[in-house]
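A.B. asks: no sequence for this one, just the structure:
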């Protein structure tokens, strides 16, 4: 019985490497070239760092901040542009807030909260 070994090539996107490690429950990923010659290993600490940085990038993108957006551009932007940039983030938070508000209204200690919000 032969098994296929999960490997990546040197030019593979780092997010793809991290997803492969999670999907196949691997602590490290071997790196091989096109002729399947072993070149090295992506260690677990690098995989965790990749996951962390990709997660931060995704969160900042939801907030409307990208690598091309400088802080000065954000401060000088019009309210319409800021709304457009933050719309995906607000769209994700609104259902969560509504569920949280409904939960608080069921608690007997929060009757004033339900009247205010």
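C.D. replies: Received, thanks. It should be emphasised that the depicted structure is a prediction, and the values quoted were computed from it without experimental measurement.
A.B. asks: so where's the protein shaky on pLDDT?
C.D. replies: For the chain, the stretches flagged by pLDDT under 70 are 1, 63-75, 85-117.
A.B. asks: Which parts of it are strands?
C.D. replies: For the chain, the strands defined by DSSP state E occupy 29-32, 38-42.
A.B. asks: Please identify the most buried of the ones you listed.
C.D. replies: Ranked by mean neighbour count under mean count of other C-beta atoms under 10 Å, those are led by strand 29-32, which reaches a mean of 17. Using the backbone N, CA and C atoms, a C-beta is placed for each residue, glycine as well.
A.B. asks: so what secondary structure elements neighbour it?
C.D. replies: Applying 3 or more C-beta pairs under 8 Å, 6 or more residues apart in numbering; DSSP states H and E, we find strand 29-32 packed against helix 14-23, strand 38-42.
A.B. asks: Which residues belonging to the first one are considered buried?
C.D. replies: Applying a neighbour-count criterion of 16 or more other C-beta atoms under 10 Å, one finds 14, 17, 18, 20, 21 buried in helix 14-23.
A.B. asks: Now do the contacts for the third one.
C.D. replies: When contacts are counted by C-beta atoms under 8 Å, 6 or more residues apart in numbering, residue 18 is found next to 47, 50, 51, 54.
A.B. asks: out of those, who has the most neighbours?
C.D. replies: Neighbour counts for those, by other C-beta atoms under 10 Å, peak at residue 47, which reaches 21 neighbours.
A.B. asks: Thank you kindly, that will do.
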